[in-house]
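Engineer: predicted coordinates and the sequence they were generated for:
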Amino acid sequence: MAVQISPSILAADFARLADEAAAVPNADWLHVDVMDNHFVPNLTLGLPVVESLRKATSTPLDCHLMIEDPDRWAPPYAEAGAGSVTIHAEAAKSPVRTLREIRSLGARAGLALNPATAIEPYEGLLGEIDMLLLMTVEPGFGGQKFLDMVLPKIRRARDLIERHGGQIWLQVDGGVDADTIERCVVAGADVFVAGSAVYGASDPAAAVDALRSQAER
Ligand code: DX5
Ligand code: ZN
């Protein structure tokens with residue numbers, strides 16, 4: 001599958017989100033980090049912002065829900081027009097029902113795993129998802145250092161996905177930059193979230209292009 005780049009607006013200027021979205025017209029997705037100060041020790045944005053952003057950009061929204069009770073909250077993000085809604089395995093109590101609901105509302109369904117969460121207990125959910133997100137930092141903040149310890153899990157995930165037919169996208173999120181993206185590609189990831197590496201650059205669109213060509217080498 002072709003490489004996809006999903007800039008994280010967590011590293012953008014929240015007062016100018018429409019402009020920040022427009023600054024990366026070459027992005028495949030806009031990654032929207034929803035945090036509730038319970039699942040992670042940080043608070044960001046929620047549904048009203050996603051609803052407004054949906055109208056402000058034609059780039060599809062890749063909503064990453066770092067929240068408690070995703071079973072209750074994920075479907076409204078799909079209803080708000082998110083192209084992809086990802087819930088955390090550690091937080092979902094009824095992942096099968098929730099993932100099916102996300103899909104039935106027309107969005108792609110994603111399952112996220114923290115760095116220390118093993119993939120094997122969730123193998124049975126592969127038939128319910130369109131994307132697996134492997135966190136390469138502890139969720140909660142941008143600008144953290146990439147965790148190399150996740151690389152073997154990315155390789156195992158790629159194997160599992162191939163055995164499952166190869167349709168599921170494998171996303172990595174956290175500390176992805178021009179240096180670390182290569183390791184992720186080699187391990188088998190194909191969708192790359194990048195916050196500081198894109199919005200911390202003087203030319204965010206050029207940073208997206210650079211990440212893409214780095215990943216396609
Ligand atoms: C972290 C978020 C990430 C974050 C990545 O909890 O899920 O999406 O924005 O930021 P960088 O790319 O700066 O590590
Ligand atoms: Zn994220």
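Structural biologist: Okay, I see it. Ligands and ions are numbered 1, 2, ... in the order given.

Engineer: between the two ends of stretch 177-191, how far is it?
Structural biologist: For stretch 177-191, the separation between the terminal residues is 13 Å (C-alpha to C-alpha, to the nearest Å).

Engineer: can you pull the buried residues of that stretch?
Structural biologist: 177, 180, 181, 183, 184, 185, 187, 188, 189, 190, 191 (16 or more other C-beta atoms under 10 Å). Glycine gets a C-beta too; all of them are placed from N, C-alpha and C.

Engineer: take these and keep only those in strands.
Structural biologist: With strands taken from DSSP state E, the overlap with the buried residues of stretch 177-191 comprises residue 191.

Engineer: JSON lines for the buried residues of stretch 177-191, including distance to ligand 2 and pLDDT?
Structural biologist: Listed next are the buried residues of stretch 177-191 as JSON lines, based on distance: C-beta to the ion, whole Å; pLDDT from 0 to 100:
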{"residue": "177", "distance to ligand 2": "15", "pLDDT": "98"}
{"residue": "180", "distance to ligand 2": "15", "pLDDT": "98"}
{"residue": "181", "distance to ligand 2": "15", "pLDDT": "98"}
{"residue": "183", "distance to ligand 2": "18", "pLDDT": "97"}
{"residue": "184", "distance to ligand 2": "14", "pLDDT": "98"}
{"residue": "185", "distance to ligand 2": "19", "pLDDT": "98"}
{"residue": "187", "distance to ligand 2": "18", "pLDDT": "98"}
{"residue": "188", "distance to ligand 2": "19", "pLDDT": "98"}
{"residue": "189", "distance to ligand 2": "14", "pLDDT": "98"}
{"residue": "190", "distance to ligand 2": "16", "pLDDT": "98"}
{"residue": "191", "distance to ligand 2": "11", "pLDDT": "98"}
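
Engineer: do you know the pLDDT at the residue nearest to residue 174 when sequence neighbours are not counted?
Structural biologist: Using C-beta to C-beta, 6 or more residues apart in numbering and skipping the chain neighbours, the partner closest in space to residue 174 is residue 137 (3.1 Å). pLDDT for residue 137: 99.

Engineer: what's around residue 137, how many residues?
Structural biologist: Neighbourhood size, residue 137 [other C-beta atoms under 10 Å]: 20.

Engineer: before we move on, what SS does it have?
Structural biologist: coil (DSSP: H, G, I helix; E, B strand; the rest coil).

Engineer: how close does it sit to ligand 1?
Structural biologist: Shown here: residue 137 relative to ligand 1, a distance of 6 Å by C-beta to the nearest ligand atom, to the nearest Å.

Engineer: enumerate every residue touching that residue.
Structural biologist: Neighbouring residues of residue 137 by C-beta atoms under 8 Å, 6 or more residues apart in numbering: 115, 144, 145, 146, 147, 173, 174, 175.

Engineer: what about it, distance to residue 177?
Structural biologist: 12 Å (C-beta to C-beta, to the nearest Å).

Engineer: joint contacts of these two?
Structural biologist: Contact criterion C-beta under 8 Å, 6+ apart; residues bridging residue 137 and residue 177 by contacting each: residue 146.
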